[in-house]
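[1] Just the structure for this:
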Amino acid sequence: MTAEHFQTALRGFQRRTPFHPYIVELVSGDRITDQPEALVVRGGVGVFVSADGAPRIFDHEGVARFIAAPGESAAA
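    Here you go, the predicted model:
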């Protein structure tokens, strides 16, 4: 995924009103389920902080796709 697509797609999901959950699927197969206040995006890098406070750092090279929650329209 390009850095520009990463930033644009992630911001789009993050800023939907009203907020709808989505999944960030990493190339490793791991998945991150987002909450609106749990993610920071800057300079093509995302930092997700889980409910237990554990940070997860990922960038455009590590993301396979973004998945809309069930019942939502998907975006690559």
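[2] tell me the mean pLDDT over stretch 60-76?
    Mean pLDDT, computed over stretch 60-76, is 76.
[3] packing partners for the helix or strand of the chain with the lowest mean pLDDT?
    Every helix and strand of the chain was ranked by mean pLDDT, DSSP states H and E. The lowest is strand 39-42, at a mean of 85. Under the contact definition 3 or more CB pairs under 8 Å, 6 or more residues apart in numbering; DSSP states H and E, strand 39-42 sits against helix 3-14, strand 45-49. The way it works is simple: take the backbone N, C-alpha and C, and place the C-beta from them, glycine included.
[4] What strands line up against it, and which way round?
    strand 45-49 (antiparallel) (DSSP bridges).
[5] Of all the residues in the strand it pairs with, which ones are buried?
    The neighbour-count check on strand 45-49 (16 or more other CB atoms under 10 Å) flags G46, F48 as buried.
[6] And for it, what's in contact with it?
    With contact meaning CB atoms under 8 Å, 6 or more residues apart in numbering, strand 45-49 is reached by 6, 10, 24, 32, 34, 38-41, 55-59, 63.
[7] of all the helices and strands packed on strand 39-42, which lies closest to I67?
    Checking the helices and strands packed on strand 39-42 against I67 by CB to CB gives helix 3-14 as the closest, at 9.4 Å.
[8] Show me what counts as buried in the least confident helix or strand of the chain.
    For strand 39-42, the neighbour count (16+ other CB under 10 Å) marks L39 as buried.
[9] contacts for that strand?
    Residues outside strand 39-42 that contact it (CB under 8 Å, 6+ apart): Q7, L10, R11, Q14, G46, V47, F48, V49.
[10] again with stretch 55-66
    Stretch 55-66 is touched from outside by 1-3, 5-7, 9-10, 13, 22-28, 32, 44-50, 75-76, with contacts defined as CB under 8 Å, 6+ apart.
[11] do the same with stretch 10-27
    The contact list for stretch 10-27 (CB under 8 Å, 6+ apart) reads 31-36, 39, 41, 46, 48, 58, 61-69, 72, 75.
[12] Next, check these against the strands and list the overlap.
    Members of the contacts of stretch 10-27 lying in strands (criterion: DSSP state E): 31-33, 39, 41, 46, 48, 58, 63-68.
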